[in-house]
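Trainee: sequence and predicted structure below; questions after.
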Amino acid sequence: MPAKDVLRPSDIREMSAEDIQSRIAQLERERFNLRFRAATQPLDDPLRLRFLRKDIARLKTILRERELGNAR
């Protein structure tokens, strides 16, 4: 069951490289904060960490595709 705010590859491909970089930075900050909070208290949504990790991976993968010239 995917979360509501999971990024779809088609949506990511419509973004500019700068937008993707800023989104990666934003998600990594959120991931850091959640991991820090998880060490000190129980999280409301522990699966959010998994979704963040996968969204970051999707963004980085599409960014790398563009660097290699394999964009669809």
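Mentor: Happy to help now that I have it. These numbers come from a predicted model, not from an experiment.
Trainee: what strand or helix carries Arg50?
Mentor: helix 48-68 (DSSP states H and E).
Trainee: off-centre distance for that helix?
Mentor: 6 Å (Cα atoms, centre = their mean, to the nearest Å).
Trainee: and Lys60, how many neighbours?
Mentor: Burial of Lys60, expressed as a neighbour count using other Cβ atoms under 10 Å, amounts to 13. The C-beta positions use only the backbone N, C-alpha and C, and glycine is treated the same way.
Trainee: just checking, it touches Leu27?
Mentor: No: checked against Cβ atoms under 8 Å, the pair Lys60 and Leu27 is beyond contact range at 10.3 Å.
Trainee: mutual contacts of those two, please.
Mentor: Common contacts of Lys60 and Leu27, defined by Cβ atoms under 8 Å, 6 or more residues apart in numbering, are absent altogether.
Trainee: list the contacts for Leu59?
Mentor: Counted by Cβ under 8 Å, 6+ apart, Leu59 has contacts 7, 12, 20, 23-24, 27.
Trainee: over to Ile12?
Mentor: 20, 58-59, 62.
Trainee: any idea which helix or strand comes after the strand or helix carrying it?
Mentor: Applying DSSP H and E as the criterion places Ile12 in helix 9-13. Sequence-wise, the next helix or strand downstream of helix 9-13 (DSSP H and E) is helix 17-40.
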